[in-house]
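1. Sequence and predicted structure below; questions after.
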Amino acid sequence: MDKRDPHYERKQAILAEKPEIKKLYGYDNRTQFYAYTIVILQLAAAYAVRNSWSGALALGFTVGPYLDAAVLCMIHEATHFLVFHSPSANRLLGIFTNIVLMIPLSEIFRQHHGMHHKNLGDEAADVDVPSDFEIRVIGCNRLLKLFWLMFNMIILPARSLTKLPVHTDRFLVLNWVVSLGFGAATFLYSRQSFLYLLLSFLQSQGFHPANARQVQRHLYDGDESKRIVDGPTTYSYYGWANLLTLNVGYHVEHHDFSRVPWTSLPKLKAIAGPKWYPDDRAYHQRGVWDVLNFVVNPEISLADFAH
């Protein structure tokens, strides 16, 4: 285990007090039905706007980003092999869920996400951390922060490819062929449907309330409108939005115990108790304010994402 993982010592301390948490380790194959539902809903929405530019724009800036945020959470769950016992089955489910994004992310994310856990906050190995170049260019500039968020879903994969190597195998090739093939087929079938899926993808982690999770992971929207500088380097949220996003709000819990499936994260919190997961250190809501605050607050810099 990489000692730079700030959650490793927390995990060992929690297990020393609550060894029964290990019983929560495993997978939950019921999660596959969540994947099927999200993909069907996104395809249905794309079909519904196939002849309407206004519909594509309206849904692409409202409902679509939430659905794609759920898709990304599903890929995340499969990446940790928490859906099926078989690693290959998890990878195939991730590839299937990835199709509505039209950009092949699941396999590269699978390869690089482990480094995010082991090297949390490390500029060289954690692909979630903006590069020094991004920080220098963007800084605290409001307009540049806005554009950075709007195109974050393009910047993030590009950053990932520049930071870490990618191993090519049959799953990676399948991911690229299926995702790009679906995107091309959608473009040929309906430009409106393509626009809807593209907007949904860009805004799922862009300038949209669906992206409040990413902002909250790094910045604290409290009295000082700044990130917290002590305690865990990630923060949790226990509100209703977890119903859509596979309890991704239980972020500290997940980083402490990445082998616990999403359905058991509330049980993990209950067992460990407020000593380790105090409610007063969690976010109480998610919405447009979190994203807007990141853009307009002159005291918040892109450098804050590096902590």
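-> Received, thanks. Residues are numbered from 1 along each chain as shown.

2. Which is the succeeding secondary structure element to the helix or strand where residue 112 lies?
-> Residue 112 is part of helix 106-118, with elements assigned from DSSP states H and E. From helix 106-118 onward toward the C-terminus, using DSSP H and E, the following helix or strand is helix 132-138.

3. If you count neighbours, what's buried in whatever helix or strand comes next after that next one?
-> Downstream of helix 132-138, the next assigned helix or strand under DSSP H and E is helix 142-150. By neighbour count on 16 or more other C-beta atoms under 10 Å, the buried set for helix 142-150 is 145, 146, 147, 148, 149, 150. Every C-beta, even on glycine, is put in place using the N, C-alpha and C of the backbone.

4. Double-check the fourth one against residue 135; I have them as touching.
-> Which is residue 148. No - checked against C-beta atoms under 8 Å, the pair residue 148 and residue 135 is beyond contact range at 10.3 Å.

5. overlap in contacts of these two?
-> Common neighbours of residue 148 and residue 135 (criterion: C-beta atoms under 8 Å, 6 or more residues apart in numbering): residue 302.

6. that older thread, which parts of the helix holding residue 112 are buried?
-> 106, 107, 108, 109, 110, 111, 112, 113, 115, 116, 117, 118.

7. Quick check: pLDDT value at the fourth one.
-> The reference is to residue 109. For residue 109, the model assigns a pLDDT of 94.

8. Surely it touches residue 79?
-> Yes - shown here, residue 109 and residue 79 form a contact pair, counting by C-beta under 8 Å, at 6.0 Å.

9. circling back to that earlier point, among the buried residues of helix 142-150, which one lies nearest to residue 236?
-> residue 149 (22.0 Å; C-beta to C-beta).

10. Report the contact partners of the closest one.
-> By C-beta under 8 Å, 6+ apart, the neighbours of residue 149 are 206, 207, 211, 291, 294, 295.

11. Check residue 257 too.
-> 11, 21, 24, 25, 268 are the contacts of residue 257 under C-beta under 8 Å, 6+ apart.

12. Check these for the minimum pLDDT and say which it is.
-> Among the contacts of residue 257, residue 11 carries the lowest pLDDT, at 93.

13. which residues touch the strand or helix carrying residue 94?
-> Taking DSSP H and E as the criterion, residue 94 maps to helix 87-98. With contact meaning C-beta under 8 Å, 6+ apart, helix 87-98 is reached by 32, 35, 38-39, 71, 74-75, 78-79, 81-84, 104-107, 110, 171, 174-175, 178-179.

14. Quick one: low-confidence residue ranges for this protein.
-> Low-confidence segments of the chain, defined by pLDDT under 70, are located at 1-5, 216-234, 305-307.

15. What sits closest to the residue lying farthest from the centre of it if chain neighbours are left out?
-> Ranking residues of the chain by C-alpha distance from their mean position (C-alpha atoms, centre = their mean) puts residue 51 at the top, at 30.9 Å. Sequence neighbours aside, residue 192 is the residue nearest to residue 51 in space, at 6.4 Å (criterion: C-beta to C-beta, 6 or more residues apart in numbering).

16. so the one you found sits right up against residue 54, yeah?
-> No - contact criterion C-beta under 8 Å: residue 192 and residue 54 do not qualify, at 9.2 Å.

17. Pick out whichever of these two has more residues nearby.
-> More crowded of residue 192 and residue 54, by other C-beta atoms under 10 Å: residue 192, with 21 against 9.

18. The host helix or strand of the more buried one - contacts with which helices or strands?
-> Residue 192 is part of helix 191-204, with elements assigned from DSSP H and E. If you count contacts as 3 or more C-beta pairs under 8 Å, 6 or more residues apart in numbering; DSSP states H and E, helix 191-204 packs onto helix 31-48, helix 53-60, helix 63-79, helix 152-163, helix 170-189.

19. rewinding a little: top of the contacts of residue 149 by number of neighbours, please.
-> Counting neighbours by other C-beta under 10 Å, residue 294 comes out on top of the contacts of residue 149 with 28 neighbours.
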